[in-house]
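>>> Give me the fold of what follows.
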Amino acid sequence: MSKKIEYCDEPYRDADFIESLEGRTIRILSEYLSPMTRLEKDKIKSTILFLGSARADPTNADSPLYRYYWEAEELSYQLAKWSIGLKKSKGREFVICTGAGPGIMEAANRGAERAGGRSMGMNISLPQFQNPNRYITPGLLFNFHYFFMRKFWLLYKAKAVIIFPGGFGTLDEFFETATLIQTSKISRKEMTFVLYGEEYWRQIINFDKLVEMKSIAAGDLGLFRFCSTPRQAFNYLSRRLGASFR
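Predicted coordinates for the structure are as follows:
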């Protein structure tokens, strides 16, 4: 009696392998290649990245973060409207990008939608599931398992980073972006870096003390610009980005 041969799926169809420790490299690679392919297909050449607290509530006027939600929405609206008016020969420039969640992220996607522009969301899978906000352009939502791959794609296409008030995650994103520019892993000439809400940030981080203690150089404070109103931020960003676009 002949022995029955059991056939298994091809390795790329083998869910047990893909989800295994040995399959981690494949999972990481897919989080690099899939977004690259989709961004190329949509001809997205550059982005403006909004970062900030997921806890900014647009319905609670008593919250200290309430005003920042609506100022982020307005700034995103102005930038998206400005970007739409640019003459572009190949691809989409300065597309609004966020971390896809609620709060400041939602506000930025919302503002871009109000302007009639496209916007992206880079979501992360968490134990406490983060629902992507509903203002992200269909087809431009990206979901990541690995934080470091999400961070890569948040910054890779960015020509400007605007960091609104936030907590641990926002602080992490601020310091990582500042370090990448400080160490020239991101060119100072090619990145416009804004800390939005000077009053908030100067209370949270004692920048002058860092210089006094020689933890950073005085010149490092020039890595970013404080802006505290949508109009001020828009004027600065559109001037800087418009100069690099020409």
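
>>> so residue 17 sits in a helix?
Yes: Residue 17 sits within a helix when classified using DSSP: H, G, I helix; E, B strand; the rest coil.

>>> Quickly note the distance from it to residue 10.
10 Å (Cβ to Cβ, to the nearest Å). C-betas here are computed from N, CA, C, even on glycine.

>>> show me where the protein has helices.
Using DSSP state H, the helices of the chain run over residues 15-18, 24-41, 66-84, 104-114, 147-156, 168-182, 198-204, 207-212, 230-245.

>>> Figure out which of those helices is closest to residue 131.
Ranking the helices of the chain by proximity to residue 131 (Cβ to Cβ) places helix 104-114 first, at 10.0 Å.

>>> Could you list the low-confidence segments of this structure?
1-9, 89, 129, 245-246 (pLDDT under 70).

>>> go with 80
1-14, 17, 87-90, 128-130, 244-246 (pLDDT under 80).

>>> Check the helices of the chain for me and report the most buried one.
Compared across the helices of the chain, helix 104-114 shows the largest average neighbour count, a mean of 27 (mean count of other Cβ atoms under 10 Å).

>>> can you list the residues that contact that one?
50-54, 56, 58, 68-70, 72-80, 95-96, 98-100, 118-119, 121, 133, 135-137, 164-166 (Cβ atoms under 8 Å, 6 or more residues apart in numbering).

>>> got the helices of the chain as JSON lines, with distance to residue 192 columns?
Converted to JSON lines, those look like this (distance: least, Cβ to Cβ, whole Å):
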{"stretch": "helix 15-18", "distance to residue 192": "39"}
{"stretch": "helix 24-41", "distance to residue 192": "20"}
{"stretch": "helix 66-84", "distance to residue 192": "11"}
{"stretch": "helix 104-114", "distance to residue 192": "16"}
{"stretch": "helix 147-156", "distance to residue 192": "13"}
{"stretch": "helix 168-182", "distance to residue 192": "10"}
{"stretch": "helix 198-204", "distance to residue 192": "16"}
{"stretch": "helix 207-212", "distance to residue 192": "19"}
{"stretch": "helix 230-245", "distance to residue 192": "4"}
